[in-house]
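>>> Structure for this input, please:
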Amino acid sequence: MVTVAENIVRTLRANEIDRVYGIPGDSLNGFTDALRKDGTIRWLHVRHEESAAFAAAADAAIIGDLAVVAGSCGPGNLHLINGLFDAQRSRVPVLAIAAQIPTNEIGTGYFQETHPQELFRECSVYAEYVADPVQMPRVLEIAMRAAIEERGVAVVVIPGDVALAEIPAHRTTVIERTRPTVVPNADELDKAAQLLNECDRVTILAGAGVEGAHDEVVALADKLGAPIVHALRGKEFIEHDNPFDVGMTGLLGFASGYRAMEAAETLLVLGSDFPYEQFYPEDATTIQVDIRGKQLGKRHPLDLGLVGDVKATTDALLPLIDAKRDRSHVDDAVAHYKKTRAKLDELAVPTKGDNPIHPQYLARLLDEAATDEAIFTADVGSPTVWAARYLTMNGRRRLIGSFTHGSMANALMHGIGAQTAQPDRQVVALAGDGGLAMMLGELITLTQNKLPVKTIVVNNSSLNFVELEMKAAGFVTYATDLDNPNFAAVAEALGIFARRVERSEDLPDAVAEVLAHDGPALLDVVTERQELSMPPAVSAEQVKGFALYAIRTVMSGRGDELLDLARANWRQLF
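I've put the predicted structure just below:
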């Protein structure tokens, strides 16, 4: 006979799971002791359970398969919630083992009592409580299959005493990974082809769903004479080797991406859940393809919605499309993109003397110095802006972030999971100073687990993107100052190789040195606080907001801030 915990470990091993992220606790003793006895599955010890969940999310994204995280009862597994929300909204498969208080104490208000199966319901595709050993291993198998097949989070809530109980029906099951081909029916494909053939100007919006369909989408764009705009999560899958790429749209995007969408007679949305309705063209015919039918028309009214995976659907559409002879739409969009790209590159230049470093210059240097197979992670906020605009994807590089959930402090935590999943690849975590400080203890996770993550700190002594949002809305910036330590000195005290750079002339060598270091390393870069990450289209409300911000700032006695703003952004405003 074996215990429930031992059966869980055997099932994980049978499914080629060789690592679990988490922090031990008494309610997890049965599970962690089963891991110790087995000896084939590594316990990846982090300093906060939130980090364990974010790390598992990045791990799952990199390997494209199930990752596992565990949390002890009460506060232990509650700390997982933010990272599990990130995994669920990024649609990556994660199994969470959430320990519970002793069975006979549930419902009494016992020490650390919560009801995880209810608390985790919103951030999971499956969440179930194991009240009796006879439920196992069936519940575990259902949970694993749900996470894998639905590409989301599955939570198994199990009291410590149940985990230590002997299991009456011991078996281990390998969950087979299914790979169905989903294609719209012939009538739907014919209707889509008719709509696409009848118009002159088609623009494609590509999201994360184009993963694995790069060549098919590019071939379709060629036949349609269509520029390809990408959403942020589609960047790594469609940007490279793409003569029809015109950049990104949305608040973080390019003027060229916005313009190509606005000029479209027909918009073809492929595997994208792009959320910002104001960036969709108002009068265009809209066709959407998504593997999940419930996503169709969720963001913008549709003329036709197709359920199917992008690769198979695009392949089926191609023979039905008449090659367009008029290439003026795509040629104009690509030409505009080249001009926009050149203007963005002109901003990625060194500053003179002691002036703070432009973050665009830092991002450009990282792009040039990183390996061709680097994995980049980026904190939400301005680091994501610079990553989206200046990091070049090539089909082998990856870009991981909290792009849908939008949580602070994700870069380092995602970096832990990415490096664990691919120990031989270069992992570069582009962290904001606010984000790094929030989860600063995870630098110790790097040293303890010998993870050679390169942490690059965009140090502007502020919650920079929050300040930009305040300015655009007309508010005087408030409560966004950060009184930072010397992050390089902190890292060195923790046993991490580190450099701090305050002048542009010192940055190239420092970037090269940090990226080349054999082990964890940190680069603390003092960057321009007042740098504006201008959206592709500035609305009248934003202009009004900036004017109000200027007036209110002067009236509050902080007019020198406007001079700093003008100095920092003169080159992109004029």
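>>> Mind checking which residue lies nearest the centre of the chain?
Nearest residue to the geometric centre of the chain (Cα atoms, centre = their mean): Gly401, 2.3 Å.
>>> And that residue, how far from Gly415?
According to Cβ to Cβ, to the nearest Å, Gly401 stands 11 Å off from Gly415. C-beta: built from backbone N, CA, C; applies to glycine.
>>> any residues in contact with both of the two?
Contact criterion Cβ atoms under 8 Å, 6 or more residues apart in numbering; residues shared by Gly401 and Gly415: Thr377.
>>> The closest residue to the residue nearest to the centre of the chain other than its chain neighbours: what's it in contact with?
With Cβ to Cβ, 6 or more residues apart in numbering as the criterion, Gly401 has its nearest non-adjacent residue at 4.7 Å, and that residue is Ala378. If a contact means Cβ under 8 Å, 6+ apart, then Ala378 has Thr384, Trp386, Ala387, Leu399, Ile400, Gly401, Ala411, Ala429, Leu430 as its contacts.
>>> let's see it at 10 Å
Counting by Cβ atoms under 10 Å, 6 or more residues apart in numbering, Ala378 makes contact with 232, 363, 384-388, 391, 399-403, 410-411, 414-415, 428-432, 435, 456, 458.
>>> thinking again about what came up before, list the residues that contact the residue nearest to the centre of the chain.
Gly401 is in contact with 58, 61, 86, 90, 232-233, 376-380, 383-384, 387-388, 407, 410-411, 414, 430, counting by Cβ under 10 Å, 6+ apart.
>>> give me that answer again for 8 Å
Contacts of Gly401 (Cβ under 8 Å, 6+ apart): Leu232, Thr377, Ala378, Asp379, Val380, Thr384, Ala387, Asn410, Ala411, His414.
>>> Next: Ala323.
By Cβ under 8 Å, 6+ apart, the residues touching Ala323 are Lys223.
>>> Helix, strand or coil: sort out the residue nearest to Leu164 when sequence neighbours are not counted for me.
Spatial nearest neighbour of Leu164, chain neighbours left out: Gly30 (4.2 Å); criterion: Cβ to Cβ, 6+ apart. Three-state call for Gly30 (DSSP: H, G, I helix; E, B strand; the rest coil): helix.
>>> To what extent is Gly30 buried, counted in neighbours?
The burial count assigned to Gly30 is 24, neighbours taken as other Cβ atoms under 10 Å.
>>> thought it was touching Val4?
Yes. Between Gly30 and Val4 there is a contact at 7.4 Å, judged by Cβ atoms under 8 Å.
>>> overlap in contacts of the two?
The contact lists of Gly30 and Val4 share Ala163, Leu164, where a contact means Cβ under 8 Å, 6+ apart.
>>> returning to what we had before: out of the contacts of Gly401, which one sits closest to Ala147?
Distance to Ala147, by Cβ to Cβ, is smallest for His414 among the contacts of Gly401, at 18.5 Å.
>>> right, and Val466 touches Gly381 too?
Yes. Counting by Cβ under 8 Å, Gly381 is a contact partner of Val466 at 7.5 Å.
>>> which residues does Gly152 contact?
Ala87, Gln88, Arg91, Val92, Pro93, Val94, Ser124, Val125, Tyr126, Ala146.
>>> looking at those residues, which has the most residues close by?
Ala87 (32 neighbours).
>>> helix or strand for that residue, which one?
For Ala87, the host element (DSSP states H and E) is helix 81-90.
>>> Could you report the neighbour count for Tyr478?
Neighbours of Tyr478 (other Cβ under 10 Å): 10.
>>> roughly how far apart are it and Val458?
Separation of Tyr478 from Val458 (Cβ to Cβ): 21 Å.
>>> Same question for the host helix or strand of Asn7: list its buried residues.
Following DSSP H and E, one finds Asn7 within helix 4-14. Using 16 or more other Cβ atoms under 10 Å as the burial criterion, the residues of helix 4-14 that qualify are Val4, Ala5, Glu6, Asn7, Ile8, Val9, Arg10, Thr11, Leu12, Arg13.
>>> From those, pick the one nearest His336.
Here the nearest of those to His336, counting by Cβ to Cβ, is Leu12; it sits at 51.2 Å.
>>> Check the gap between the closest one and Glu368 for me.
41 Å.
>>> Quick check, Val457 in contact with Gly434.
No. In this structure, Val457 is not within contact of Gly434 by Cβ under 8 Å, at 10.3 Å.
>>> out of these two, which sits in the busier spot?
Neighbour totals were compared for Val457 and Gly434, and Val457 leads with 30 against 25 (other Cβ under 10 Å).
>>> So what's the gap between stretch 316-326 and the chain middle?
34 Å (Cα atoms, centre = their mean, to the nearest Å).
>>> list the buried ones in it?
Ala316, Leu317, Ile321, Lys324.
>>> Please apply the same query to stretch 501-518.
Val501, Ser504, Leu507, Ala510, Val511, Val514, Leu515, His517.
>>> end to end, how far does that stretch reach?
20 Å (Cα to Cα, to the nearest Å).
>>> where along the stretch 451-574 of the chain do the strands fall?
454-459, 497-501, 521-526 (DSSP state E, counting those that start in this stretch).
>>> now do the stretch 151-300 of the chain
Taking DSSP E, counting those that start in this stretch as the criterion, the stretch 151-300 of the chain carries its strands at 153-159, 202-206, 228-230, 245-248, 266-270, 285-290.
>>> Likewise for the stretch 301-450 of the chain?
Using DSSP E, counting those that start in this stretch, strands in the stretch 301-450 of the chain cover 304-307, 375-378, 398-401, 427-432.
>>> partner strands of the second one, parallel or antiparallel?
Read it as strand 375-378. The strands beside strand 375-378 in its sheet (DSSP bridges) come out as strand 398-401 (parallel), strand 427-432 (parallel).
>>> hey, which of those is tucked in deepest?
The highest mean neighbour count among the strands paired with strand 375-378, using mean count of other Cβ atoms under 10 Å, belongs to strand 427-432: a mean of 29.
>>> so how far is that strand off the chain centroid?
The chain centre lies 12 Å from the centre of strand 427-432; the measure is Cα atoms, centre = their mean.
>>> One more: stretch 122-135?
The chain centre lies 27 Å from the centre of stretch 122-135; the measure is Cα atoms, centre = their mean.
>>> Ends of it, what's the gap?
End-to-end distance for stretch 122-135, by Cα to Cα: 23 Å.
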